[in-house]
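Asks: Structure for the following, please:
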Amino acid sequence: MDLPWWVGPTALFVVPLVIALLVNLFVRHRRGIASNAVLGWFVIVCWITAVTWILKQVR
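Replies: Model prediction:
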């Protein structure tokens, strides 16, 4: 079964954020994470997705 193209980028964005939220909640006893960290991670995932998509098209 072939997954839609958006599953990879979504998982790459959501899974680390959920892990960071759980670490902050249970280890550091804080709620949430900094909005700058979320925005930075979103930009990184967008770049990774764009480069991957471009390399697939070149092939």
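
Asks: any weak-confidence spans in this protein?
Replies: 1 (pLDDT under 70).

Asks: V45 is in contact with A11, isn't it?
Replies: No. Contact criterion CB atoms under 8 Å: V45 and A11 do not qualify, at 9.7 Å. All C-beta atoms are positioned from the backbone trio N, CA, C, and that covers glycine.

Asks: Tell me which of those two has more neighbours.
Replies: Neighbour tally, V45 and A11, criterion other CB atoms under 10 Å: the higher count belongs to V45, 19 against 12.

Asks: tell me the SS of that one?
Replies: helix (DSSP: H, G, I helix; E, B strand; the rest coil).

Asks: Quickly note the distance from R30 to D2.
Replies: 40 Å (CB to CB, to the nearest Å).

Asks: The two - which one has more neighbours?
Replies: Between R30 and D2, counting by other CB under 10 Å, R30 is the more crowded of the two (10 against 5).

Asks: list the contacts for the more buried one?
Replies: N24 (CB atoms under 8 Å, 6 or more residues apart in numbering).

Asks: So it versus N24, what's the distance?
Replies: Taking CB to CB, one finds R30 at 5 Å from N24.
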